[in-house]
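[1] Show me how the following folds:
(2 chains)
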Amino acid sequence: MSFLQVQQLAKRYPGAGTESTVFEGVSFAMEKGEFVCIIGHSGCGKTTILNVLAGLDAASGGTVIMDNREVAGPSLDRGVVFQGHALMPWLSVLSNIAFAVKSRWPGWNRIQVQLHCQKFIDLVGLTGSEHKKPAQLSGGMKQRVGIARAFAIQPKMLLLDEPFGALDALTRGTIQDELVRICAATNQTVFMITHDVDEAILLSDRILLMSNGPNACIAEVVENTLPKPRDRHNIHHDPQYYRVRNHLVDFLVNRSKLYQTGEAARLAQPPVVRPGIEDLSPPPTPSAKIVNLRQ
Amino acid sequence: MAGSMRLKAGILSVFLLALFVSVWHLGTLTKAGTQVVDAEYAKLVGQQASTGQKSAFPSPSDFGAKLLEHVRNPFYDKGPNDKGIGVQLAYSIGRVLLGFSLAALLAVPLGFLIGMSPLVYRALDPFIQILKPISPLAWMPLALFTLKDSDVSAIFVIFVCSVWPMLINTAFGVASVRRDWLNVAKTLEVKPLRKALTVILPAAAPTILTGMRISIGIAWLVIVAAEMLVGGTGIGYFVWNEWNNLSIVNILSGILAIGMVGMLLDFLVGRLQRAVTYVE
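    Numbering: from 1, shown residues only, chains lettered A, B, ... in the order given. Just a heads-up that it's a prediction; the model follows:
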């Protein structure tokens, strides 16, 4: 039995007369220590899926089982890194992380909490900024605090909602490297939403591709065939890199809109694709370059 | 640059004050011995008043002299109708602080409840909407009748007028705490009381303090009127009593003191407000 099992998840909103379905028939599984990314256009319900996994939102149908227990509400077992960092502006970096640590281990004394927080502040490279308020930090540093806070409670699973979306390319690169390092060191299970194809290839073991909403579904599961450890600086020299990348971009640009209503039910088991090794899709268009998915 | 601006503003302020005092001084200059009042009245009030040797309205120097007297000896107590201005102010400040604190004790927890529960908000909203626009002094007769004590009634009136801004601001502040912060608390399984004290309270604190600042301002406005009604002690009573004594200098001193204390109260709550304000 897999560590995380998502079965037939659906989200519907009652509309005037008819229900509107955001997504349905979303099923996938994750093993311990696996890093899974989910990619899709805006409005396909990625964030809703993540919120359901976090226990912050309730699905209209389907179940989520983590570590043999049904997910029925928020839990300290699942750490969340929010899109907008969600730091409390009246608390310092240290206090923001300490707030989480004290929630996880209420019995700890002040020194234990402090030492534990310091370990994670050092881990994300924020040593020296412990007593700064979030307003005094750059966007990248704030997101690092958010990551440190999520890691510090040592959750069984980490949920990242487009954590680097608001960062510039340079900062994003550095933090991605850190995330790779920390995940490798802690063997963390991670579920992450991203809009960035390169980010997904760099970080993930598998990539879930979602079709366009409404009535979205998981159209394909792409296995990342690039060997680990991957290095941001020379990953693109691997010929396999562009095969995977082209496959993803091709899906987002051309095929994501082809899945129509009712398709979701048929796709109860989405095809697993290993681009470049056994490719189901038509040959990728060579002209597919950088696509800005954030519009 | 900012320093020179402050200096210029200061010079301008002093100039405006000097201009005001000069106009005042010119307006109250002694006019030479023409009879300005009715002959019958002149007999009644005596030579000086009747011939207008001196303006009825005090000159700046009269006022200055009286003010100095008050500042030198603010805390004397020579019976019910002759207390120092400091004593009267202390009575008023005491009433305001007591009424304001009682209002805060009710308004902040209740505002929390209203802000957190849409049901409670909807249930209480009609009452708040009706009670809020009632002039606090309209409660005075009812308070005197039920509480049977003029002092307690004055405090009640202060309580009533300061409760609404605090209640409404607290509810608003609590209701508009960022969803993200509440989600963080949820994913960390933070217990309700700890969430209220460590997430919602600091997040809403600037808005709550805004309400308190409005409340203390209104309370200080209302206490003067309330004390004029109930009498006995306080700066409002002082001003009214000096009207009965026809001592314009004392009325002016009272007015200035009311302004100074009002400014001080606002300044103190403003400091508190700055202390809890955070930069997002």
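[2] can you list the residues of the stretch 101-250 of chain B near chain A?
    B:178, B:180-181, B:183-184, B:186-190, B:198-199, B:202-203, B:205 (Cβ under 8 Å from any Cβ of the partner chain). Just so you know, the C-beta spots here come from the backbone N, C-alpha and C atoms, and that holds for glycine as well.
[3] one more time with 7 Å
    With the criterion set to Cβ under 7 Å from any Cβ of the partner chain, the stretch 101-250 of chain B comes near chain A through B:D180, B:W181, B:N183, B:V184, B:K186, B:T187, B:L188, B:E189, B:V190, B:T198, B:V199, B:P202.
[4] buried subset of those?
    For those, a neighbour count by 16 or more other Cβ atoms under 10 Å in any protein chain shown gives the buried set as B:W181, B:N183, B:V184, B:K186, B:T187, B:L188, B:E189, B:V190, B:T198, B:V199, B:P202.
[5] could you redo the residues you listed as a markdown table and give each row pLDDT, secondary structure and distance to B:F75?
    Formatted as a markdown table, these follow (pLDDT from 0 to 100; DSSP: H, G, I helix; E, B strand; the rest coil; distance: Cβ to Cβ, whole Å):
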| residue | pLDDT | secondary structure | distance to B:F75 |
| --- | --- | --- | --- |
| B:W181 | 95 | helix | 49 |
| B:N183 | 93 | helix | 56 |
| B:V184 | 94 | helix | 53 |
| B:K186 | 93 | helix | 56 |
| B:T187 | 93 | helix | 58 |
| B:L188 | 94 | coil | 55 |
| B:E189 | 93 | coil | 57 |
| B:V190 | 94 | coil | 51 |
| B:T198 | 94 | helix | 44 |
| B:V199 | 95 | helix | 46 |
| B:P202 | 96 | helix | 40 |
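[6] okay, now B:G79: neighbour count?
    Neighbour count of B:G79, defined by other Cβ atoms under 10 Å in any protein chain shown: 6.
[7] buried set for stretch A:177-186?
    Taking 16+ other Cβ under 10 Å as the criterion, stretch A:177-186 shows A:L179, A:V180, A:I182, A:C183 as buried.
[8] of those, closest to A:K119?
    A:I182 (11.6 Å; Cβ to Cβ).
[9] I'd say the closest one and A:F151 touch.
    Yes - applying Cβ atoms under 7 Å, one finds A:I182 in contact with A:F151, separated by 6.5 Å.
[10] Let's have the buried residues of stretch A:177-186 in CSV, adding pLDDT, secondary structure and distance to A:P106.
    What follows is the buried residues of stretch A:177-186, written out as CSV (pLDDT from 0 to 100; three-state DSSP; distance: Cβ to Cβ, whole Å):
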residue, pLDDT, secondary structure, distance to A:P106
A:L179, 86, helix, 28
A:V180, 85, helix, 32
A:I182, 83, helix, 25
A:C183, 84, helix, 27
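[11] List the residue ranges of the stretch 151-295 of chain A that fall below the pLDDT cut-off.
    Residue ranges of the stretch 151-295 of chain A with pLDDT under 70: A:260-268, A:278-295.
[12] For it, which segments count as helices?
    For the stretch 151-295 of chain A, applying DSSP state H, counting those that start in this stretch gives helices covering A:169-186, A:197-203, A:239-250, A:263-266.
[13] How about the stretch 1-150 of chain A?
    Counting by DSSP H, counting those that start in this stretch, the helices of the stretch 1-150 of chain A are A:46-54, A:93-104, A:110-123, A:139-152.
[14] Could you check these and tell me which one is nearest chain B?
    Nearest of the helices of the stretch 1-150 of chain A to chain B, taken as Cβ to the nearest Cβ: helix A:93-104 at 3.9 Å.
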